[in-house]
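got a predicted structure here, sequence first:
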Amino acid sequence: MPVKVTSTIRTVTQPQPPPRVTSAARDRAAGGALLVRDGYVITMDPATGDVPGGDVLVRGGAIAAVGTGLAVPAGARVIDAAGMIVAPGLVDTHWHMWNTLLRGMSEGGPGYFRACRSLGPAFGPRDVYQGTLLACAEAIDAGITTVHDWAHNIRGPEHAEAGLDALAGAGLRARFSYGYAAAQPNDRAMDLAGLRRLHADWGRRAAGGLLALGMAWRGPGGSDPAMHVAAAVYRPEYDTARELGIPVTIHACGPPRAAGQIEVLAGERLLWPGLQVVHANCATPAEIGHLAAAGATVSLSPFSELLIGYGLPKTADLLGAGVTAGLSADTTALTGNADMFAIMKVTQGLANAVAHDEFALTARRTLALATIDGARCLGLDAVTGSLTPGKRADLIVVSPDAPNLGVLTDPVRLLVTAAQPRNVHTVIADGRVLKDRGALTTLDAARIGRDARQALDGVVARSGSARH
Ligand SMILES: [Zn+2]
């Protein structure tokens with residue numbers, strides 16, 4: 001029998017764990033069942049569709065059932081989502097989380113790449129930790145439950161561990177793509193021995209399965225105009241990733257060397273389903289065909305692509321060719337924030353503008369890019385991206401109780417065009433509540449801000465002394 005619940009959120013019989021929890025595994029073990037009740041449930045699973053007045057039952061960190069009138073298990077926590085939207089947690093597919101410390105610092109002369117090259121070398125492990133943690137707090141606050149940490153400032157093993165510590169402490173699901181260092185010489189490979197050690201030790205670092213390991217690869221040159229990497233350097237890197245069986249991600253975008261980057265990868269037979277290409281703004285029809293044929297995926301980051309001048313995302317061309325694509329924040333040094341609602345909105349708007357068609361890219365298709373397709377883009381669609389029984393419980397509850405919403409008309413369209421991070425009422429990742437009634441539970445946002453400002457002061461001071 002369903003239990004009548006009158007308060008917005010209440011515990012039915014058992015006391016809840018304390019609000020500050022540091023171990024996802026412990027939380028899952030102690031947390032028991034959780035029922036998100038009576039919301040407008042957007043499952044993004046074609047077999048189920050939307051369920052108005054629907055419930056989502058979570059057990060042991062997994063989705064146990066989606067339906068209406070589900071019974072409340074004994075001891076379950078109930079989250080009353082009446083009048084609210086319940087959706088899969090949003091999925092970011094490419095984010096340089098460490099440089100969130102440099103938010104808004106890409107203008108004023110140097111530009112994004114030069115800012116990273118001048119300040120990145122001054123980052124110690126603690127600074128990587130603070131930048132990544134700030135990004136994690138922003139992600140959770142904005143309803144993002146899966147991130148792809150594109151870690152391209154690994155200056156030593158401690159830098160990688162610092163990023164992983166921040167991700168694990170936050171409780172997000174993540175792919176951690178181990179990369180090179182900011183301003184790394186083109187003739188020097190990334191620390192492959194360090195990657196091998198991390199891979200061998202991954203069981204200890206994976207936060208109970210929340211974290212997955214990948215490689216952030218320069219390839220022949222990536223997107224930084226200063227990067228020209230020889231095959232003698234980039235091939236052993238790639239071969240190491242394939243030997244270890246981990247996915248690979250690479251930037252391919254932007255003038256002046258955009259045309260042909262994907263052609264080079266195709267020519268060397270380096271495209272495969274585990275390869276994610278970031279941006280692909282300048283991909284030719286033939287290159288898009290190569291991506292589709294190989295099953296390689298694409299991460300679109302419209303705000304950074306617009307602001308840095310890469311041109312328009314080729315969303316319609318990629319989707320039309322059958323390429324799996326996801327959306328991404330890329331870097332808040334350039335874009336300012338990581339608001340996936342705004343990223344969805346600009347993605348839909350640009351696609352319609354390019355097509356001169358109000359209906360070229362629907363809101364639901366856009367939401368798919370930020371959920372199930374984003375999960376596919378990371379190879380995580382068996383785990384997350386839709387509210388499907390058996391998948392891990394990554395979901396958000398969005399309240400209309402703010403002036404920018406106020407009414408619940410078309411819930412999917414509202415998520416894509418109207419919602420903002422402040423409307424995110426509850427965030428659950430792997431069955432664990434990370435945002436509860438608008439407040440972060442695993443992270444102290446005020447303290448993270450203070451620590452970030454202090455860390456940035458140190459980075460700027462050290463980089464200044466290094467320049468003189
Ligand atoms: Zn990037």
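Sure thing, it's come through. Worth saying up front: this structure is predicted, and the values here are computed from it rather than measured. Numbers count the residues shown, from 1 in each chain.

surely Tyr310 is in contact with Ala280?
No - in this structure, Tyr310 is not within contact of Ala280 by C-beta atoms under 8 Å, at 9.6 Å. In this view, the C-beta of every residue, glycine as well, is placed from N, C-alpha and C.

any shared contact partners between the two?
Cys253 (C-beta atoms under 8 Å, 6 or more residues apart in numbering).

of the two, which one has the most company?
Ala280 (28 against 20; other C-beta atoms under 10 Å).

show me where the stretch 101-250 of the chain has helices.
Taking DSSP state H, counting those that start in this stretch as the criterion, the stretch 101-250 of the chain contains helices spanning 111-119, 125-141, 157-170, 192-200, 202-205, 231-244.

for the third one, output the C-alpha coordinates as CSV.
It stands for helix 157-170. Provided in CSV are the C-alpha atoms of helix 157-170 (Å, rounded to 0.1, in the frame of the first residue of the first chain):
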residue,chain,number,x,y,z
PRO,A,157,50.8,11.6,-10.5
GLU,A,158,49.6,13.8,-7.7
HIS,A,159,47.8,16.1,-10.1
ALA,A,160,45.8,13.1,-11.4
GLU,A,161,45.1,11.9,-7.9
ALA,A,162,43.9,15.4,-6.8
GLY,A,163,41.4,15.5,-9.6
LEU,A,164,40.1,12.0,-8.8
ASP,A,165,39.9,12.9,-5.1
ALA,A,166,37.6,15.8,-5.9
LEU,A,167,35.4,13.8,-8.2
ALA,A,168,35.1,10.9,-5.7
GLY,A,169,34.4,13.3,-2.8
ALA,A,170,31.6,15.0,-4.7
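
quick check: mean pLDDT across it?
Average pLDDT, helix 157-170: 98.

for the shortest one, same thing?
On average, the pLDDT along helix 202-205 is 96.

for stretch 291-311, same thing?
Stretch 291-311 shows a mean pLDDT of 96.

buried residues in stretch 304-324, which are they?
Across stretch 304-324, burial judged by 16 or more other C-beta atoms under 10 Å covers 304-308, 310, 313-319, 321, 323-324.

among the residues you listed, which ones are in helices?
If you go by DSSP state H, the buried residues of stretch 304-324 have 304-308, 315-319 in helices.

okay, the residues you listed in CSV with distance to Pro121 next?
Listed next are these as CSV, based on distance: C-beta to C-beta, whole Å:
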residue, distance to Pro121
Ser304, 22
Glu305, 26
Leu306, 28
Leu307, 24
Ile308, 21
Thr315, 35
Ala316, 40
Asp317, 38
Leu318, 35
Leu319, 39
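
can you classify Asp45 as helix, strand or coil?
Following DSSP: H, G, I helix; E, B strand; the rest coil, Asp45 is assigned to coil.

correction: Gln276
Under three-state DSSP, the three-state class of Gln276 is strand.

gap between it and Ala325?
Going from Gln276 to Ala325 by C-beta to C-beta, to the nearest Å gives 10 Å.

common neighbours of those two, please.
297-299, 377.

now which of those residues would you call buried?
Listed as buried from the shared contacts of Gln276 and Ala325 are 297-299, 377; burial here means 16+ other C-beta under 10 Å.

now those in TSV, with secondary structure and distance to Gly390?
Below are these laid out as TSV (DSSP: H, G, I helix; E, B strand; the rest coil; distance: C-beta to C-beta, whole Å):
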residue	secondary structure	distance to Gly390
Thr297	strand	23
Val298	strand	27
Ser299	strand	26
Cys377	helix	20
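
and the residues you listed as CSV, adding distance to Ala206?
Output for these, formatted as CSV (distance: C-beta to C-beta, whole Å):
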residue, distance to Ala206
Thr297, 22
Val298, 26
Ser299, 22
Cys377, 20
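
and of those, the nearest to Ala207?
Closest to Ala207 out of these is Cys377 (21.0 Å), distances taken as C-beta to C-beta.

Thr93 is in contact with that closest one, correct?
Yes - contact criterion C-beta under 8 Å: Cys377 and Thr93 qualify, at 4.7 Å.

show the pLDDT at Val12.
Here, the pLDDT recorded for Val12 equals 32.

try Thr43
98.

just give the nearest non-adjacent residue to it, would you?
Leu387 (4.1 Å; C-beta to C-beta, 6 or more residues apart in numbering).

element containing the one you found, please.
Assigned by DSSP states H and E, Leu387 belongs to no helix or strand.

what about it, neighbour count?
Neighbours of Leu387 (other C-beta under 10 Å): 27.

isn't Ala151 right up against Ala160?
Yes - with contact defined as C-beta under 8 Å, Ala151 counts as touching Ala160 (6.7 Å).

quick check: buried residues in the lengthiest helix in the chain?
Identified as the longest helix of the chain according to DSSP H is helix 445-467. Across helix 445-467, burial judged by 16+ other C-beta under 10 Å covers 448, 451-452, 455-456, 458-460, 462.

what angle sits between that helix and helix 125-141?
In terms of direction (axes from the mean of the first three to the mean of the last three C-alpha atoms, to 10 degrees), helix 445-467 departs from helix 125-141 by 140 degrees.
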